[in-house]
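Chemist: sequence and predicted structure are below.
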Amino acid sequence: MSQLPVEEAVARYAAGFFPMDDDPAAPEVPWYAADPRAVLELDAATRAALHRRLRRSLARAQPGWELRRDGAFEAVVAACARPRASDDGVWMTPRLRRQYTRLHAVGVAHTFELWVDGAPAAGIVAVLLGRAALMESMVHSVPHAGNVLLARTVDQLAADGFTLCDIQLPTPHTVRLGARPVSRAEFDARLRKALS
């Protein structure tokens, strides 16, 4: 199976596509552009609403729960590659794992991690381009750590000047947390602005 050149993968992200390895027979990982697309807004009011929705989880966070970036990239990607349950498939296939590792080597793919007692307890794999954060996968091993990580990550993205946080496809859970579906046209316009 051929590997997509890193430059081409970055160009596809910049054009509003994301990979989903749902066809193992395909010579390369297929790419999609969803309509609608799901985003987490980064403005102060939306982040405050997210904190209210996650207040129980945030109340359980201990002072030592620390947000880090790229502190355990390989471990987070490996955790995302494990099935969540015995009958669950794996989203992070070996081909995607290799792709994110190559994107990380050139400074495009990153992980946000919540560290608890000296080890990562939750992690998000993301592609960061300009002021756009394109979230790819998330995993947690400690109760509430995933919610705390999400809240702290969007706060950090806002503090760092990001204007777009893409989570690809809406789910009932992410909609409850405040994810908003946007049309492909709106997403593309916002992505172009975030990349300019």
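Modeler: Arrived safely. All of these numbers come straight from a predicted model, not from anything done at the bench. Numbers count the residues shown, from 1 in each chain.

Chemist: for E136, give me its contacts.
Modeler: Shown in contact with E136 (C-beta atoms under 8 Å, 6 or more residues apart in numbering): F18, Y100, A109, I124, V125, A126, V127, Q168. All C-beta spots, glycine's among them, are computed from the backbone N, C-alpha and C.

Chemist: and those residues as CSV, adding secondary structure, distance to A72 and neighbour count?
Modeler: Output for the contacts of E136, formatted as CSV (DSSP: H, G, I helix; E, B strand; the rest coil; distance: C-beta to C-beta, whole Å; neighbours: other C-beta atoms under 10 Å):
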residue, secondary structure, distance to A72, neighbour count
F18, strand, 23, 18
Y100, helix, 14, 28
A109, strand, 14, 25
I124, strand, 12, 24
V125, strand, 11, 25
A126, strand, 14, 25
V127, strand, 18, 22
Q168, strand, 23, 19
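
Chemist: of those, closest to N147?
Modeler: Closest to N147 out of the contacts of E136 is I124 (11.8 Å), distances taken as C-beta to C-beta.

Chemist: got a list of what that closest one touches?
Modeler: V76, T111, F112, E113, M135, E136, S137, M138, L149, L150, T153.

Chemist: and of these, the nearest to R190?
Modeler: For those, the nearest to R190 is M135 (14.7 Å; C-beta to C-beta).

Chemist: any idea how far A194 is from the closest one?
Modeler: Distance of M135 to A194, given as C-beta to C-beta, to the nearest Å: 14 Å.

Chemist: neighbour count winner among these two?
Modeler: M135 (24 against 20; other C-beta atoms under 10 Å).

Chemist: quick check: the more buried one is in a strand.
Modeler: Yes: assessed with DSSP: H, G, I helix; E, B strand; the rest coil, M135 lies in a strand.

Chemist: that one against C165, yeah?
Modeler: Yes: M135 is in contact with C165 according to C-beta atoms under 8 Å; the separation is 6.7 Å.

Chemist: overlap of the contact sets of these two?
Modeler: Shared contacts of M135 and C165 (C-beta under 8 Å, 6+ apart): L40.
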